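> need coordinates for the below:
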Amino acid sequence: MPVKIPDNLPAIELLKKENIFVMNDFRADTQDIRPMRVLILNLMPLKISTETDFVRLLSNNPLQVEVEFLRLDTHTPKNTPQEHLKLFYKGFSDVENNFYDGMIITGAPVEMMKFEDVSYWPEIQHIFDWARTHVTSTLYICWASQAALYHFYNVKKEVLDKKLFGVFKHTARDKHLPLFRGFDDEFFIPHSRHTTMLASDINHDELAILSESEDAGLAMLSSRGGREFYLTGHSEYAPFTLHEEYCRDLERGNDIAVPENYYRADNPSNPPIVTWTSHANLLFNNWLNYYVYQETPFDLKNVAHLGEIKNTN
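Below is the predicted model of the structure:
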């Protein structure tokens, strides 16, 4: 099934070139089924690239998914044309009375700041709380995962000695979880961050550590039995995203090492070796199927009354 996205979104033409099936509003509205409604709060500076990354993953499944993009009311992005935001994004005040099957909250370029010093911290806290009563299952990505774990469970973040940058091997603590259905014993995830969280700080009964890496540390956690997932890496990254970040860091004069386990022969002159996309597709498909589609009420207004799902431990 295709993913339904707003007419004329730039991601449409990019994904069609990859043979990804996307559907415009008119065609989707004529189908007599209820699509899964997924809201994406996009906090990344390069919004069009991030839109394309997530639509690519959400489209590769048998469900029809209707995607809406959300921006903050209290923050104006500097790197995205206002016309694009007006055409394709809603403010939180536009959606706060709606209900959604799933939600994705992306990373943000503010990880070195204290959470309370982020200008939009009060609004993001409000959105975190709102999602618990208006969304069946929420994926928090990178900075958003750290921010949500701090907000809900007071989990602190730690500054790393150097940027964690590259593609790293991971394992699942329990491969029988539906989230890992079809996964190999080892799988790879890109990471690009200066901060981390320690397993020793994950001591709340609601929290479960799902996946770790010897090199990258905590990778996936869940709470409330799959109502929330916290992903510290970037499974959604396109093949050249780390390369583009590496080039930007070099241009800015940053002290940056070559991303690990990424370029062929660790040589930036060579193309990257893509080792993570198959598991990224499985991850998002499993989330949509087992934690959204299988759990969401047909009448989305009942999301607010969903009982606690049994813990995934």
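
> wait, Ala199 touches Ser213, no?
No. In this structure Ala199 lies outside contact range of Ser213 using CB atoms under 8 Å: 11.3 Å. The C-beta positions use only the backbone N, C-alpha and C, and glycine is treated the same way.

> these two - which one has more neighbours?
Regarding Ala199 and Ser213, a neighbour count based on other CB atoms under 10 Å identifies Ser213 as having more, with 20 against 11.

> who's in contact with that one?
If a contact means CB atoms under 8 Å, 6 or more residues apart in numbering, then Ser213 has 168-171, 189, 219 as its contacts.

> equivalent analysis for Ile105, please.
Ile105 makes contact with 40-41, 43, 127, 131, 138-141, 144, 148, according to CB under 8 Å, 6+ apart.

> for this protein, which spans come out with low pLDDT?
Within the chain, the stretches with pLDDT under 70 are 1-9, 11-33, 307-313.

> ok, 90 please
Filtered on pLDDT under 90, the chain yields the residue ranges 1-35, 46, 59-64, 76-83, 255, 293-313.

> check which helix or strand Asn61 maps to.
Element membership of Asn61, judged by DSSP states H and E, is empty: it is in no helix or strand.

> now the strands: where do they sit in the chain?
If DSSP state E is used as the criterion, the strands of the chain fall at 3-4, 22-23, 36-41, 65-71, 89-91, 100-105, 135-141, 158-172, 187-196, 207-213, 217-223, 228-231.

> now do the residue nearest the centre of the chain against Met36, distance only.
The C-alpha lying nearest the average C-alpha coordinate of the chain belongs to Ile141 (CA atoms, centre = their mean; 4.0 Å). Applying CB to CB, to the nearest Å, the value for Ile141 to Met36 is 18 Å.

> what's the answer for Ile127, then?
Looking at Ile127 against Met36, where the rule is CB to CB, the gap reads 20 Å.

> hmm, back to that, mind giving me JSON lines with the contacts of Ser213 and columns for distance to His243?
Output for the contacts of Ser213, formatted as JSON lines (distance: CB to CB, whole Å):
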{"residue": "Phe168", "distance to His243": "16"}
{"residue": "Lys169", "distance to His243": "20"}
{"residue": "His170", "distance to His243": "21"}
{"residue": "Thr171", "distance to His243": "26"}
{"residue": "Ile189", "distance to His243": "17"}
{"residue": "Ala219", "distance to His243": "22"}
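
> quick one, what contacts the closest residue to Leu72 other than its chain neighbours?
Setting aside the residues directly before and after it, Leu72 is nearest to Tyr120 in space (CB to CB, 6 or more residues apart in numbering), at 5.1 Å. Under the criterion of CB under 8 Å, 6+ apart, the contact partners of Tyr120 comprise 72, 74-75.

> reformat those residues as TSV; add neighbour count and distance to Arg193.
What follows is the contacts of Tyr120, written out as TSV (neighbours: other CB atoms under 10 Å; distance: CB to CB, whole Å):
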residue	neighbour count	distance to Arg193
Leu72	19	21
Thr74	14	24
His75	14	20
